[in-house]
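Colleague: Here is a sequence together with a model predicted from it:
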Amino acid sequence: MVKFFTSTFTVLVLTVAMVKAQSAINIADYPPINEVPDTKSAQVQAWLKEIDLTGAPALPLHVGAPPACPNPPIANECYWGCDGCAGDDITACAAPNTWGLTFDDGPSTFTPTLLNYLKTQKLSASFFLIGSNVIQHPEIVKRELEEGHHLASHTWSHHALTTLTNEQIVAEMKWTEKAVLAATGLRLKYMRPPYGDINNRVRFVLKKLGYIPVDWTGDAFDTNDWRQPTMSEATVIATFTKSLDAYVAGPKTKGFYCLEHDVNDADVTVAQKLIPLGLARKINIASVAGCESDAQPYQAGGTAAMPSTPGTNTTTNKPSGTAGNGSSPSGTSNSANGPSVKASAASMVSLNGLGVAAAVVAAAGALLA
């Protein structure tokens, strides 16, 4: 009972912070959509004065989207997308037998369909948001938060970060941060690099900004939704089914993070066919905040962990699925199983379904009306 009220209270704190802090978004106040922001702007220059980039690894910029792997590899680069070196990135869900459910590249006009499905299944996910899309669909970002999902960054324009200067990386992250802060009152803490393109230089800059990179658990957990229609939906499902079967046949001492998207109809519909595969195998499902038992999944604006339902409904839910097509690629990892994660397993923060979260959101709205 104490745990129930504590969890309910933290959701209330988060909701109140969101409702009170959000402000209207004027697209004209932000950089051009899907373009690397100008580092000479007054706003970016102000951000750069707040951080010290002295000591950043002197690694050459890569070229391409995603970049080709350097041959021979560059010493001390720790380039996850090419050599599988993850540094201290998060690459696996810390909770055992748990699918860290994540969606990249949104929000889009197809995201509400996914949210409807997740709500009916009482599941929480992490949404890695592109800033350019946030300013176009702030109402969807607000809904994601209100319905118990965790928000994280996927940069402003989805450019490969190893191809950008340190200052451009700051601009990509801070403009996205500003957009989400305006929409929700929350400052993001977790991020996923586009294409899984991250090395020690990029990590250095991200840490200076307070961000924790979250990769995915190697090629086996890239759902390949983005390969559609070149790869058929049936092949996407069959390939991921093999990955899930291999996982449940193993020790399951740690969970995994998948690579999925919510940018078009194909992504969203195939997700509704993949998720039931995990539930049928009694794999718990949680957001990054739930996987990592993070009671403060944002840098500022709220202290509540996202409500999740790890394991509470997996033995009784019998969700149905629909059909799909894919989005732009987000990863080129050459590591079949992904690098090992250095985090210990921990219990996940949970609420018994999203109905509680919805009730608390309604109560907070009434209080602030």
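Modeller: Nice, I can see it.
Colleague: What are the boundaries of the strands in the stretch 51-200 of the chain?
Modeller: In the stretch 51-200 of the chain, the strands defined using DSSP state E, counting those that start in this stretch lie at 98-100, 102-104, 126-129, 150-153, 187-188, 190-191.
Colleague: buried sites along stretch 70-86?
Modeller: 70, 74, 77-86 (16 or more other Cβ atoms under 10 Å). For every residue, glycine as well, the C-beta is placed using N, CA and C.
Colleague: typed the wrong thing, it's stretch 56-69
Modeller: 56-57, 59, 62, 66-67, 69.
Colleague: Look at it and report the distance between its end residues.
Modeller: End-to-end distance for stretch 56-69: 21 Å, by Cα to Cα, to the nearest Å.
Colleague: Would you pull up how far that stretch lies from the middle of the chain?
Modeller: For stretch 56-69, the separation from the chain centroid amounts to 23 Å (computed by Cα atoms, centre = their mean, to the nearest Å).
Colleague: quick one: average pLDDT of that stretch?
Modeller: What stretch 56-69 shows for mean pLDDT is 95.
Colleague: same thing with stretch 88-98?
Modeller: 98.
Colleague: go on, stretch 111-129?
Modeller: Stretch 111-129 comes out at a mean pLDDT of 98.
Colleague: in that stretch, what counts as buried?
Modeller: Across stretch 111-129, burial judged by 16+ other Cβ under 10 Å covers 111-115, 117-119, 121-129.
Colleague: repeat for stretch 145-155
Modeller: Neighbour counts over stretch 145-155 (16+ other Cβ under 10 Å) mark 145-155 as buried.
Colleague: What is the nearest of those to T176?
Modeller: Nearest to T176 among the buried residues of stretch 145-155 is S153, at 5.0 Å by Cβ to Cβ.
Colleague: With just CA atoms, put stretch 288-304 into CSV.
Modeller: In CSV, the C-alpha atoms belonging to stretch 288-304 read as follows (Å, rounded to 0.1, in the frame of the first residue of the first chain):
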residue,chain,number,x,y,z
VAL,A,288,14.3,2.6,-20.0
ALA,A,289,13.4,4.3,-16.7
GLY,A,290,11.8,1.1,-15.6
CYS,A,291,14.7,-1.1,-16.8
GLU,A,292,17.3,1.0,-15.0
SER,A,293,15.1,1.6,-11.9
ASP,A,294,15.8,5.3,-12.3
ALA,A,295,13.6,7.3,-9.9
GLN,A,296,14.8,10.5,-11.5
PRO,A,297,14.7,9.8,-15.3
TYR,A,298,15.0,13.5,-16.2
GLN,A,299,17.7,16.0,-15.5
ALA,A,300,15.2,18.6,-14.2
GLY,A,301,11.4,19.2,-14.0
GLY,A,302,10.3,16.1,-12.2
THR,A,303,11.5,13.3,-10.0
ALA,A,304,9.0,10.6,-10.9
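Colleague: Any buried residues in the host helix or strand of V268, and which?
Modeller: Element membership for V268 (DSSP states H and E) is helix 265-280. The neighbour-count check on helix 265-280 (16+ other Cβ under 10 Å) flags 265-275, 277-279 as buried.
Colleague: And it, what does it pack against?
Modeller: In this structure, helix 265-280 packs against helix 111-121, helix 233-248, strand 284-286, with contacts taken as 3 or more Cβ pairs under 8 Å, 6 or more residues apart in numbering; DSSP states H and E.
Colleague: Show the average pLDDT along it.
Modeller: 98.
Colleague: Alpha carbons only: can I get it in PDB?
Modeller: Provided in PDB are the C-alpha atoms of helix 265-280 (Å, rounded to 0.1, in the frame of the first residue of the first chain):
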ATOM      1  CA  ASP A 265       2.400   3.200 -40.600                       C
ATOM      2  CA  ALA A 266       4.700   0.200 -41.200                       C
ATOM      3  CA  ASP A 267       6.700   0.700 -38.100                       C
ATOM      4  CA  VAL A 268       3.600   1.100 -35.900                       C
ATOM      5  CA  THR A 269       1.700  -1.900 -37.300                       C
ATOM      6  CA  VAL A 270       4.600  -4.300 -37.200                       C
ATOM      7  CA  ALA A 271       5.300  -3.300 -33.600                       C
ATOM      8  CA  GLN A 272       1.800  -4.500 -32.700                       C
ATOM      9  CA  LYS A 273       2.800  -7.900 -34.000                       C
ATOM     10  CA  LEU A 274       6.200  -8.000 -32.400                       C
ATOM     11  CA  ILE A 275       5.200  -7.100 -28.900                       C
ATOM     12  CA  PRO A 276       2.800 -10.000 -28.500                       C
ATOM     13  CA  LEU A 277       5.600 -12.300 -29.300                       C
ATOM     14  CA  GLY A 278       7.500 -11.100 -26.200                       C
ATOM     15  CA  LEU A 279       4.400 -11.300 -24.000                       C
ATOM     16  CA  ALA A 280       3.600 -14.800 -25.200                       C
END
